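Peer 1: predicted model and sequence below, questions to follow.
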There are 2 protein chains.
Amino acid sequence: MKKQRHKTDIVSVANLAGVSAATVSRALNHPDLVQPATRKKIDQAIRKSGYIRNRAAQTIHGRRSGTIGLVVPTVAYAIFAELVQAFNDAVSERGFTLLLASHGYDLDTEYGLVRKLLEHRVDALALIGLDHSADTYRVLREQNVPTLAIWNFDAESPVSCVGVNNAEIGGIAADHLIMLGHRRIGTIFPSTGENDRARSRKSAAFERFRAAEADLDETWQIQTPYSIAQAKDACLDLLARQDRPTALLCGNDVIAQGAIYAAVKLGLSVPKDISIIGIGDFAGSAELEPALTTVRIPARRIGAIAAEHLAAAVDRAEEDFLVRTRFEAELIMRATTAVARTK
Amino acid sequence: MKKQRHKTDIVSVANLAGVSAATVSRALNHPDLVQPATRKKIDQAIRKSGYIRNRAAQTIHGRRSGTIGLVVPTVAYAIFAELVQAFNDAVSERGFTLLLASHGYDLDTEYGLVRKLLEHRVDALALIGLDHSADTYRVLREQNVPTLAIWNFDAESPVSCVGVNNAEIGGIAADHLIMLGHRRIGTIFPSTGENDRARSRKSAAFERFRAAEADLDETWQIQTPYSIAQAKDACLDLLARQDRPTALLCGNDVIAQGAIYAAVKLGLSVPKDISIIGIGDFAGSAELEPALTTVRIPARRIGAIAAEHLAAAVDRAEEDFLVRTRFEAELIMRATTAVARTK
DNA sequence: AAAATTAATGAAAACATTTGCATAACTATT
DNA sequence: AATAGTTATGCAAATGTTTTCATTAATTTT
C-alpha cells in the first residue's frame, strides 16, 4: 500500500455503504432515526474504512466542541496534580476532552492561554483562583463562555466559583497554633503578588496572630516558591538559629513537607521542638512521618464538582452561568503540632 | 446591551475594516502579504469587535489543529505530573495546545481516549510506554498521526520512542543492592499486567538477584499500586516481621517513599536496619529524610525532547515519523542504602 | 382499495475559514 | 508613452459535518 491517505470522510463512508452522507451522520448522532439494516451497513463501512469523525467539522457547524479548558499555574507539584486528575476524570466521564494549559503563576501568560483556548472554542473554561488580569476577565465576559474559578470561594466573585474561603483557612491554621499556646510564630508563604489564595491565607493568619499578640519576628517570615527543595533549604537556615519560633505556619503542604525534612535533618523533634502546620492535606501528607497536621482542602471533590457544574452549563446551554459553591475546610490534627513548651 | 452574541466572525471584522474576508485572513496568517495601512485598519477592527479566530474552521480546511494529545495513566501522583508539565511547557512554547487524557492504567480505556483525540484531529500524539492494545496500534497506523511513546526506549519499538531502558534500570538497582552485599531481598512493584515499565524493571532485577543467589522469599515480594499510602501500609506488615529482608527494591520513588515512612514509623533505622532503593528520582526524593537512593529517570528532559520531536514532525509534515531517543539512567546514591550487616 | 399517516432517506444549505486564481492599480523598463 | 512586471486585494471554491426540507416508501385507517 502506498499512501493510506485516501481521505476517509463521511461521504466516502456513505459511498461504501451505499447511502447518503446525511444518513451516515444520522446513524452516528441519532441512531434511532435510521433503520437497523442500514445502520449495520454503515457500521461495517465505518469499520472497514477506519473512519474517524472530524470533531472540527462538527464544531464549525455550531455544535459543541466537546472540549473543556483548564488553566492552572502548574501541574508539576502535588498541589494541582490531584485537582487536575479529579477534574479530568469528571469531565471525561461526561464525554468532554480536557484542554490543559499552565502559566507558571504569570497572569499575562494566562491571558494568552485563555485566548488560545477560546480559539479552540472550548465549551467551558476553568481557572484557578480569582486573581486574573483585566484582559482575561474582559475576554471571558465578551465571549460568554461558561467560566468557573476553582479553589476559592467568594460570595462576590465576578465569575462562578467552587472552592474554599482561603481567609478562613488561614484563620483556622493560625487559631490552632494560638490555641496550643504558641506565641513565637514563623510563616513560610510563596510570593503573594499574583496569588490570591496565598494572600488571603497569609493576611488572615497574621491578623489572628497579631490579635493574640504573638511575636512575629521579621526574620521568621520567609518567602519561598511551592517547592519541597526550596522550602527545606529556607527552613534549614531558619531552624538552625538559636532564636527560632516555636511554631511554623506553612502556605501549603508542599512547603510544610520541606519544613519537616529540614527539622528532621537538624535533629529537631517535631512537634516537641517545633510545631509545623500545613494547608491542603495533599496525597501523602497523612503518611509523612511524623504525620502532618494541616487544614484539609478537598481537592478531589472540588475538582469533580467544578467539572460537573461546567458540564451541566454546557448541556443546558445556559446564557448566564453563575454558581458559587463553598466547601468547608477542616483542621486535620495529626502529629506535627503540639502544645508550646514554656521557654 | 442585550446579547453580545452578534457572531463576530471573520467577515464581520472584514466589513468593519472595509476589506474582504480574504484580506483579514491574510493579515492574520501572512501579514507580509498585506499593506501596513490595511493591516492597521484590520487590527483595529479586530480589537474593536473582540474577534477570536475559530481554530476549528482552520482545522477543517486542512490546516493543523494546533493541538497535541498526551495520554497518561494518571497525573495524580508525582510520577507523571513532572512529565506532563515538561511536555506541556515544550509543546506550548511551540504554539501547540495540549489535549490531556488519562486512563488509570486501563488499556481499553486508553484506546477510547486515543480515538477521541483523533476525532479532535490532534496534530501529534504521545503515549506512555509501549504497552498498548492492538486496536490502539492499528488506529494509530491507519491515521498516520505522528506518535511517540514516552518513558521507555526500545530499539525495535513499533512507534517512535523517547525514554530509558527499563530493564537496564531494574538491573542497575538490583546490582547496587547486590554490590552492597544484600542477599535477602524484598521487592514492591505495582501490578505488571498492563504496565511494561514495571514489568521490565522487575524481571531484570529478579534475574540479577537469582544470578547472585539471593534469597527472594515469596512473602517478601509485594504488589501494590503507585500510592504512598498503600505502599506504606503494605510495608508496615512486611517490615514488622522478625524475619525480614535486609533490602527493599521499590518499583518507583512513590513506593519507596511509602516504604521509608513505614520503616521510620516502626522505629527501624534506614539504612542500618533496612536498605531501600527507589526508581525515578522524582521531585522531592532528594529532600526526603533520609534522602532516597534511586535510579534517576530524567523526566523533564524526556518530556521536553518528546515534545520537541513531535512538534518538529508536525512542522515538517513528515510522512513516516520514526525517531528513537535513549536516555541513560543513572544511579543516584544517597542515604537509604548501606552495606548489608552480616546477620 | 383509496386516503391519510408515518418512517426512512436524500439533496442542499449552512457553518468559518483559507487559498488559487483573477483583477486592478501601481512601478519600473524601454 | 507604451509595455512588462509587481503588489495588493477580492471572488469563489473547498474543507467535513449537521440539519431542514422534500421526497419516496411503507403502513395504517377508513
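Peer 2: Arrived safely, thanks for sending. Numbering: from 1, shown residues only, chains lettered A, B, ... in the order given.
Peer 1: and the strands in the stretch 201-343 of chain A?
Peer 2: Chain-ordered strands for the stretch 201-343 of chain A, with DSSP state E, counting those that start in this stretch as the definition, fall at A:221-223, A:247-250, A:275-280, A:293-296, A:324-326, A:330-332.
Peer 1: can you add distance to DNA strand D, mean neighbour count and mean pLDDT and give these back as CSV?
Peer 2: Where C-beta positions appear, they are placed from N, C-alpha and C, glycine not excepted. Below are the strands of the stretch 201-343 of chain A laid out as CSV (distance: least, C-beta to the nearest atom of the strand, whole Å; neighbours: other C-beta atoms under 10 Å in any protein chain shown; pLDDT from 0 to 100):
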stretch, distance to DNA strand D, mean neighbour count, mean pLDDT
strand A:221-223, 51, 17, 97
strand A:247-250, 51, 30, 98
strand A:275-280, 42, 28, 98
strand A:293-296, 44, 26, 98
strand A:324-326, 31, 16, 98
strand A:330-332, 45, 16, 98
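Peer 1: if I look at the residue of the stretch 151-300 of chain A found nearest DNA strand C, how far off is residue A:149?
Peer 2: Closest contact between the stretch 151-300 of chain A and DNA strand C, by C-beta to the nearest atom of the strand, is at residue A:159 (24.2 Å). Counting by C-beta to C-beta, to the nearest Å, the gap from residue A:159 to residue A:149 is 6 Å.
Peer 1: about what we covered before: so the residue of the stretch 151-300 of chain A closest to DNA strand C sits against residue A:150, correct?
Peer 2: No. The criterion here is C-beta atoms under 8 Å, and residue A:159 misses it with residue A:150 at 10.6 Å.
Peer 1: and those two? which has more neighbours close in?
Peer 2: The neighbour comparison of residue A:159 against residue A:150 (other C-beta atoms under 10 Å in any protein chain shown) goes to residue A:150, with 26 against 22.
Peer 1: list the residues that contact the closest residue to that one other than its chain neighbours.
Peer 2: Of all residues not flanking residue A:150 in the chain, residue A:306 sits nearest, at 4.9 Å (C-beta to C-beta, 6 or more residues apart in numbering or on different chains). By C-beta atoms under 8 Å, 6 or more residues apart in numbering or on different chains, residue A:306 lies in contact with A:87, A:90, A:126, A:148, A:150, A:162.
Peer 1: which of those sits closest to residue A:280?
Peer 2: Minimum distance to residue A:280 across those is 13.9 Å, recorded for residue A:150 (C-beta to C-beta).
Peer 1: can you list the residues of the stretch 51-200 of chain A near DNA strand D?
Peer 2: A:51, A:53-54, A:57-58, A:60-61, A:63 (C-beta under 7 Å from any atom of the strand).
Peer 1: show me what from the stretch 151-300 of chain A comes close to chain B.
Peer 2: Residues of the stretch 151-300 of chain A lying close to chain B by C-beta under 8 Å from any C-beta of the partner chain are A:227-229, A:232, A:257-258, A:261, A:264-265, A:283-284, A:286-289.
Peer 1: widest-spaced pair of these?
Peer 2: Maximum distance among those (C-beta to C-beta): 23.2 Å, for A:265 and A:283.
Peer 1: which residue packs closest to residue A:114, ignoring adjacent ones?
Peer 2: Residue A:114 sits nearest to residue A:136 (C-beta to C-beta, 6+ apart), 5.4 Å away.
Peer 1: so the one you found, which state does it fall into?
Peer 2: What DSSP: H, G, I helix; E, B strand; the rest coil gives for residue A:136 is helix.
Peer 1: I figured it hits residue A:108, correct?
Peer 2: No. Contact criterion C-beta under 8 Å: residue A:136 and residue A:108 do not qualify, at 9.1 Å.
Peer 1: tell me which of those two has more neighbours.
Peer 2: residue A:136 (22 against 12).
Peer 1: residue B:97 versus the more buried one, what's the distance?
Peer 2: 17 Å.
Peer 1: got it, and residue A:244?
Peer 2: Note on residue A:244: its distance to residue B:97, by C-beta to C-beta, is 47 Å.
Peer 1: what of residue A:98?
Peer 2: Look at residue A:98 and residue B:97: by C-beta to C-beta, they are 11 Å apart.
Peer 1: just residue A:137 next, same as before
Peer 2: 21 Å.
Peer 1: more neighbours, the two?
Peer 2: residue B:97 (24 against 16).
Peer 1: measure the more buried one to residue B:67 for me?
Peer 2: Taken as C-beta to C-beta, the span from residue B:97 to residue B:67 is 5 Å.
Peer 1: domain parsing for chain A?
Peer 2: For chain A, automatic domain parsing gives the domain ranges A:10-53, A:67-165+A:299-328, A:166-296.
Peer 1: including distance to residue B:331, could these go into TSV?
Peer 2: Listed next are the domains of chain A as TSV, based on distance: least, C-beta to C-beta, whole Å:
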stretch	distance to residue B:331
domain A:10-53	44
domain A:67-165+A:299-328	24
domain A:166-296	20
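Peer 1: for the closest residue to DNA strand D within the stretch 201-343 of chain A, grab the count of nearby residues.
Peer 2: DNA strand D sits closest to residue A:317 of the stretch 201-343 of chain A, with a gap of 12.1 Å, by C-beta to the nearest atom of the strand. Neighbourhood size, residue A:317 [other C-beta under 10 Å]: 10.
Peer 1: then residue A:11?
Peer 2: 12.
Peer 1: skipping its backbone neighbours, what lies nearest it in space?
Peer 2: residue A:21 (4.7 Å).
Peer 1: ok, now residue A:220?
Peer 2: Closest residue to residue A:220 apart from its sequence neighbours, by C-beta to C-beta, 6+ apart: residue A:186 at 3.6 Å.
Peer 1: send the alpha carbons of the helix or strand where the one you found lies over as CSV?
Peer 2: Taking DSSP states H and E as the criterion, residue A:186 maps to strand A:185-189. Output of strand A:185-189 as CSV, limited to C-alpha atoms (Å, rounded to 0.1, in the frame of the first residue of the first chain):
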residue,chain,number,x,y,z
ILE,A,185,5.4,32.2,65.1
GLY,A,186,7.2,31.8,61.8
THR,A,187,5.4,31.7,58.4
ILE,A,188,6.5,30.4,55.0
PHE,A,189,4.5,31.6,52.1
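Peer 1: what helices or strands is that strand leaning on?
Peer 2: If you count contacts as 3 or more C-beta pairs under 8 Å, 6 or more residues apart in numbering or on different chains; DSSP states H and E, strand A:185-189 packs onto helix A:196-211, strand A:221-223, helix A:228-240, strand A:247-250, helix A:253-265.
Peer 1: got JSON lines for the ones you listed, with distance to residue A:172 too?
Peer 2: As requested, the helices and strands packed on strand A:185-189 are exported to JSON lines (distance: least, C-beta to C-beta, whole Å):
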{"stretch": "helix A:196-211", "distance to residue A:172": "9"}
{"stretch": "strand A:221-223", "distance to residue A:172": "19"}
{"stretch": "helix A:228-240", "distance to residue A:172": "21"}
{"stretch": "strand A:247-250", "distance to residue A:172": "11"}
{"stretch": "helix A:253-265", "distance to residue A:172": "14"}
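Peer 1: any idea which of the ones you listed gets closest to residue B:216?
Peer 2: Comparison of the helices and strands packed on strand A:185-189 against residue B:216 by C-beta to C-beta identifies helix A:253-265 as nearest, at 32.3 Å.
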